[in-house]
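Novice: sequence and predicted model, in that order:
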Amino acid sequence: MATDKVTSIELPEVVVVDRVSKSFTIRKDNSLKERVVTLGRRGRVHEERFDALKNVSFSIRAGSSIGLMGSNGSGKSTLLKLIGGIIDPSEGRIMRRGRLAALLELGAGFHPDLTGRDNIYLNAAILGMSKEETDARFDAIVAFSEISEFIDTQVKFYSSGMYVRLAFSVAIHTDPDILLVDEVLAVGDEVFQRKCMDKIRQFQREGRTIILVSHSPEQVAEVCDVAVVLSHGEVAFSGSVGEATKVHREILEGRRREVRAEERAAEGGTPNAPEPAPSQIAAVRVLDASGEVVELIQPGDSVTVELDVEFGTAVGEWNSSISIETPQGHQVFGTGTRRMGTVHEPSPAGSTTIRYEIGSLPLAGGQYFINCEIADAWDTPWSVLYQGTMFFVESEFRQSGMVHAIATVSQAT
């Protein structure tokens, strides 16, 4: 069985996705009236096949935290439902071991006409708990959800945030070996989201496996060790979160260009014509105070970020921007002409170099990447370069984190 390993080999595999494909049949006669007319005329039902996943393979080892990333329609939620056993694959197989709890769709497993109390028992039973086990954990479930005053209210009167609180609370109290989490965590308020993240970290310390679907690279970087990027139902990348974030952004940028080309065609432009890009970022580099290209700097050093830009044609006013991020995709600094209240002057065909001078860069030790972008006067991107170059900041034992600061300690007498 050929699968892509996305975690280390020390621990056993708890989920194996082996050459999995999933197809759905889409009917074109959507309304009841259309279906009746079709049957009355003994006509053929108009159906199309949609391939949500195509030959997807990877494995997940016990204790790992993996993020599933991708644009809308890439197959993330379908894959999570397959892993959770909610639906079956059209081809291939999925093997899993251990108790699994899934937070997939908002309110999934809840009956709207039942109270919160009754739905706790219903949902817990669906997740494999006996009534005795639910009895023993009922008070803890209600306490974590923080909706005790509404526990005997029908859940059809709950807000989306209350749904998430109760569903998440039930799921984590089933003592799962594997926790599947879809985008539902984006619904609750900030305080409860942080509470959920704290619980997920506790699960990680206990060696449980987390599978998270999220549109947020920052959330994936915060929770996950590795990531799988899906594009049009296929695995575009599996590996480190930092590289996965880069691939994910490149896919989104490609999709943005496709949408823009479709819009231009709809507006009367040439159909399927590629979006014109009159300029490209040719290179990006980091210079120290003496003007030398460097890969290693000290905390607090002044640096210059240079971008070489090539113009295929003359352009009017234009903009640029840069950002610095960690290998996990966390942005630590960003700026650009629009933020600075300025703009680059019109440029002829040819090449030019722009410089961002940063007087002091108080970053703590570690590796950092530079992203850069150039755009027209209305901020429509011409060229985007993710992780165009990287540099290191020398580590200092006296502190941790991403910000370098001067600190002292004393004790009052």
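Specialist: Okay, I see it. Note that the coordinates shown come from a computational prediction; the quantities given were computed from them, not determined experimentally.
Novice: now do the contacts for the residue lying closest to G336 once chain neighbours are set aside.
Specialist: Leaving out its chain neighbours, the residue that sits closest to G336 by CB to CB, 6 or more residues apart in numbering is S321, at 2.7 Å. Bear in mind the C-beta positions are built from the backbone N, C-alpha and C, glycine included. Going by CB atoms under 8 Å, 6 or more residues apart in numbering, S321 touches 334-339, 372-373, 375.
Novice: give me the pLDDT for S321.
Specialist: Per-residue pLDDT puts S321 at 96.
Novice: top of the contacts of S321 by number of neighbours, please.
Specialist: Across these, neighbour numbers were computed from other CB atoms under 10 Å; C372 holds the maximum, 25 neighbours.
Novice: now that residue: how far from V229?
Specialist: 22 Å (CB to CB, to the nearest Å).
Novice: how about I374?
Specialist: I374 is 25 Å from V229, by CB to CB.
Novice: got it, and S347?
Specialist: Taking CB to CB, one finds S347 at 35 Å from V229.
Novice: so between these two, which is more surrounded?
Specialist: Neighbours per residue (other CB under 10 Å) separate S347 from V229, with V229 holding more: 26 against 18.
Novice: so that one: helix, strand or coil?
Specialist: The three-state label given to V229 by DSSP: H, G, I helix; E, B strand; the rest coil is strand.
Novice: got the residue ranges for the helices in the stretch 1-150 of the chain?
Specialist: For the stretch 1-150 of the chain, applying DSSP state H, counting those that start in this stretch gives helices covering 32-40, 76-83, 116-126, 131-145.
Novice: as CSV, could you dump the C-alpha coordinates of the second one?
Specialist: Just to be clear, that refers to helix 76-83. Written as CSV, here are the backbone C-alpha positions of helix 76-83 (Å, rounded to 0.1, in the frame of the first residue of the first chain):
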residue,chain,number,x,y,z
LYS,A,76,-11.6,19.1,2.9
SER,A,77,-15.0,18.6,4.6
THR,A,78,-15.7,15.5,2.4
LEU,A,79,-12.5,14.0,3.5
LEU,A,80,-13.2,14.6,7.1
LYS,A,81,-16.6,13.0,6.8
LEU,A,82,-15.0,10.0,5.2
ILE,A,83,-12.4,9.7,8.0
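Novice: how distant is it from the center of its chain?
Specialist: 15 Å (CA atoms, centre = their mean, to the nearest Å).
Novice: can you check the longest one too?
Specialist: Using CA atoms, centre = their mean, the mean C-alpha position of helix 131-145 is found 31 Å from that of the whole chain.
Novice: mind listing what's buried along it?
Specialist: Across helix 131-145, burial judged by 16 or more other CB atoms under 10 Å covers 134, 137-138, 141-142, 144-145.
Novice: mind putting those residues into a markdown table with distance to L212?
Specialist: Output for the buried residues of helix 131-145, formatted as a markdown table (distance: CB to CB, whole Å):
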| residue | distance to L212 |
| --- | --- |
| T134 | 26 |
| R137 | 24 |
| F138 | 27 |
| I141 | 22 |
| V142 | 25 |
| F144 | 19 |
| S145 | 20 |
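Novice: and of those residues, the nearest to D198?
Specialist: F144 (11.0 Å; CB to CB).
Novice: ok, G300 touching P362?
Specialist: Yes. The pair G300 / P362 is scored as a contact, 5.1 Å apart, by CB atoms under 8 Å.
Novice: list residues touching both of those two?
Specialist: With CB under 8 Å, 6+ apart, G300 and P362 have common neighbours H404.
Novice: okay, now the unreliable bits of the chain?
Specialist: 1-10, 27-46, 105-109, 184-188, 256-261, 263-264, 267-277 (pLDDT under 70).
Novice: list the contacts of L363.
Specialist: 299, 324, 332, 393, 402-404.
Novice: same question but for A314, I mixed them up
Specialist: Applying CB under 8 Å, 6+ apart, the residues near A314 are 346-349.
Novice: most neighbours of all those, which one?
Specialist: S347 (18 neighbours).
Novice: quick one: that one from R49, how far?
Specialist: 49 Å.
Novice: partner strands of the helix or strand that contains R355 and their direction?
Specialist: According to DSSP states H and E, R355 maps onto strand 350-358. Looking at strand 350-358 with DSSP bridges, its partner strands are strand 303-311 (antiparallel).
Novice: what does the partner strand contact?
Specialist: Residues contacting strand 303-311 (CB under 8 Å, 6+ apart): 278-289, 291, 294, 297, 320, 322, 347-358, 361, 370, 372, 374, 383, 391.
Novice: one step back: using the three-state scheme, assign the residue nearest to G336.
Specialist: strand.
Novice: pull up the gap between it and V343, please.
Specialist: 12 Å.
Novice: between the two, what contacts are shared?
Specialist: T337.
Novice: now do the helices in the stretch 301-413 of the chain.
Specialist: So, for the stretch 301-413 of the chain - with DSSP H, counting those that start in this stretch - the helices run 337-340.
Novice: how about the strands in it?
Specialist: 303-311, 318-325, 331-336, 350-358, 366-376, 381-393 (DSSP state E, counting those that start in this stretch).
Novice: quick one: buried residues of the fifth one?
Specialist: Pointing back at strand 366-376 there. 368-375.
Novice: which strands and helices sit next to that strand?
Specialist: strand 279-287, strand 303-311, strand 318-325, strand 381-393 (3 or more CB pairs under 8 Å, 6 or more residues apart in numbering; DSSP states H and E).
Novice: the first one - contacts with which helices or strands?
Specialist: It stands for strand 279-287. Packed next to strand 279-287, using 3+ CB pairs under 8 Å, 6+ apart, are strand 303-311, strand 366-376, strand 381-393.
Novice: I'd like the ones you listed laid out as CSV, including distance to I211.
Specialist: Listed next are the helices and strands packed on strand 279-287 as CSV, based on distance: least, CB to CB, whole Å:
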stretch, distance to I211
strand 303-311, 37
strand 366-376, 26
strand 381-393, 25
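Novice: to S57, which of those lies closest?
Specialist: strand 381-393 (26.2 Å).
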